[in-house]
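> quick one, structure for this:
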Amino acid sequence: MKNLRRVGLGVGVGALALTLAAPSASASGSADFGHGGFGTATLTGWAALPAATFVSASDPSGALLGGTPSNGVTPPFDDQPIQGFSGIVKNGDGTFDVISDNGYGNKANSGDFVLRIHHLAPDYSTKTVDVLGGINLTDPNRYVPFALTRPDRVLTGADFDIESIQRVKDGSYWIGDEFGPYLLHFDRAGRLLQAPIPLPGVRAPENPEGSPNLNSSKGFEGMAQSPDGRTLYPLLEGTVAGDPAGTLRFNEFSLVKQQYTGKVYTYQLEDPANSIGDAIAVDDDRFLIIERDNGQGATAKFKKIYMADKRDRNRDGKMDKTVVADLMHIADPRHLFGPADVFTFPFQTIEDVVILDDRTLGVVNDNNFPFSSGRTPGRPDDDEFITIRLTDNLHADKRFLK
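Coordinates of the predicted model:
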């Protein structure tokens with residue numbers, strides 16, 4: 001989600017005190033939902049891709065930004081920025097596929113930003129990230145029923161706002177969009193395989209069908225896949241008009257039948273002003289969900305990863321929630337980032353989480369290049385890749401641990 005409220009403030013991590021919380025009663029969902037949780041996670045790896053990293057010999061970008069400098073960076077750009085990471089797929093060899101979202105914040109200014117899946121390799125020993133390549137998303141077979149920005153049918157940020165991704169067994173990708181919201185199905189070369197699939201009864205303002213009941217940039221921010229690969233769970237970032245404040249619809253989509261099942265679960269935000277950043281499955285019933293406030297730097301207060309259980313054991317009609325990690329309070333005893341004993345991830349948008357092993361998560365920020373400056377005031381944020389060690393095992397389905 002591109003919500004580009006600019007805040008020019010920094011964060012002082014050295015002033016924070018390190019307090020280790022007790023482990024949770026159980027990692028399988030029997031903790032005091034919404035209050036208990038795991039203890040303080042530990043930073044085990046940090047690497048960064050510099051903000052000003054571009055796809056070589058690509059198309060110009062940023063012309064619609066009006067030439068206004070942001071954080072010392074003046075558009076337009078000769079090439080496409082490698083930025084805005086809003087979804088991640090683990091490749092099993094230390095590399096990841098990540099998607100760039102709609103570009104510069106909205107439909108109107110992102111018509112020259114090409115939607116792309118990047119192939120990246122973080123190296124935690126050197127604290128760098130290698131760009132190994134990538135594929136552009138296209139619609140050569142004309143499945144999109146409305147007019148596209150480019151005549152060559154390369155998809156741009158004015159066509160879709162892609163925010164979540166899953167790869168299925170045949171190597172194709174399912175991607176969640178916010179403008180519909182739509183589900184988009186691409187082959188391994190990035191070619192759209194079928195018409196965009198809308199969510200019944202829900203429309204964003206950018207949806208050409210009209211009658212919106214969802215705010216802009218509040219579509220499919222997260223999307224999980226079941227362990228057997230038969231079901232997708234796309235999660236809306238915003239509350240549908242008429243639903244209780246701060247409730248998000250967690251939908252179930254059958255990949256076998258290619259349709260929504262009609263089952264909808266409810267995720268409750270801690271504060272209606274919060275947003276979710278990503279959602280992935282742990283097993284058939286439990287999911288990891290990033291929930292965050294809209295602050296960055298010194299104004300960033302709430303950035304957490306929850307375990308959400310759709311079994312609703314306390315029968316309140318909402319998914320049960322347990323805190324897995326507080327991203328504003330991560331132990332750094334080895335000083336992998338700096339001299340402080342506490343590491344914070346103070347970014348406005350944190351939109352990627354992936355299970356690396358049963359006690360280790362990978363987390364990546366969306367840097368909203370060039371607009372976000374959560375790490376250093378006046379400087380565009382890098383894309384930071386971190387790994388964190390949890391105090392408890394996830395007891396994840398073994399198919400997610402490969």
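
> pLDDT weak spots in the chain?
1-36 (pLDDT under 70).

> most centrally placed residue in it?
Note on the chain: the residue nearest the mean C-alpha position is Glu351, at 2.5 Å, using C-alpha atoms, centre = their mean.

> that's a strand at that one, yeah?
Yes. Inclusion of Glu351 in a strand is indicated when DSSP: H, G, I helix; E, B strand; the rest coil is applied.

> if I look at it, how far off is Thr40?
Distance of Glu351 to Thr40, given as C-beta to C-beta, to the nearest Å: 23 Å. From N, CA and C alone the C-beta is placed, and that goes for glycine too.

> how about Pro234?
Separation of Pro234 from Thr40 (C-beta to C-beta): 31 Å.

> likewise for Thr74?
Per C-beta to C-beta, Thr74 is found 41 Å from Thr40.

> out of the two, which sits in the busier spot?
Each of Thr74 and Thr40 has its neighbours counted (other C-beta atoms under 10 Å); Thr40 has more, 19 against 12.

> am I right that the more buried one falls within a helix?
No. Thr40: not assigned to a helix; according to three-state DSSP it is coil.

> can I assume it is in contact with His329?
Yes. Counting by C-beta atoms under 8 Å, Thr40 does reach His329; the two are 6.2 Å apart.

> just to be sure, Leu64 is in a helix?
Yes. Under three-state DSSP, Leu64 falls within a helix.

> tell me who's in contact with it.
Neighbour list for Leu64: 104, 108-112 [criterion: C-beta atoms under 8 Å, 6 or more residues apart in numbering].

> out of those, the closest to Leu148 would be?
Gly111 (9.9 Å; C-beta to C-beta).

> tally of neighbours for that closest one?
Using other C-beta under 10 Å: Gly111 sits among 19 other residues.

> repeat for Arg188
Neighbours around Arg188, by other C-beta under 10 Å: 12.

> please name the residues that touch it.
Applying C-beta under 8 Å, 6+ apart, the residues contacting Arg188 are 171-173.

> how does it look with 10 Å?
117, 135, 167, 170-173 (C-beta atoms under 10 Å, 6 or more residues apart in numbering).

> what do you get for Arg399?
Arg399 makes contacts with 226-229, 281, 283, as judged by C-beta under 10 Å, 6+ apart.

> for the residue located most distally from the centre of the chain, helix, strand, or coil?
Residue farthest from the centre of the chain, counting by C-alpha atoms, centre = their mean, is Pro151 at 29.3 Å. Classification of Pro151 using three-state DSSP returns coil.

> list phi and psi for it.
The phi/psi pair for Pro151 (degrees, to the nearest 10) reads phi -70, psi -20.

> for it, give its distance to Lys218.
Distance of Pro151 to Lys218, given as C-beta to C-beta: 30 Å.

> next one: Lys310
Computed as C-beta to C-beta, the Lys310 to Lys218 distance reads 21 Å.

> what about those two, which has more around it?
Taking neighbours as other C-beta under 10 Å, Lys310 and Lys218 compare with Lys218 leading, 22 against 18.

> thinking again about what came up before, most surrounded residue in the contacts of Arg399?
Ala281 (23 neighbours).

> wait, doesn't that one sit right on Asp397?
Yes. Counting by C-beta atoms under 10 Å, Ala281 touches Asp397, with 7.6 Å between them.

> now the strands for the stretch 251-400 of the chain?
259-268, 275-281, 286-292, 303-309, 320-326, 330-331, 342-343, 349-357, 360-366, 383-389 (DSSP state E, counting those that start in this stretch).

> Serialize the ones you listed to a markdown table and add fields for distance to Arg249.
Converted to a markdown table, those look like this (distance: least, C-beta to C-beta, whole Å):
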| stretch | distance to Arg249 |
| --- | --- |
| strand 259-268 | 5 |
| strand 275-281 | 11 |
| strand 286-292 | 13 |
| strand 303-309 | 13 |
| strand 320-326 | 16 |
| strand 330-331 | 30 |
| strand 342-343 | 33 |
| strand 349-357 | 19 |
| strand 360-366 | 22 |
| strand 383-389 | 28 |
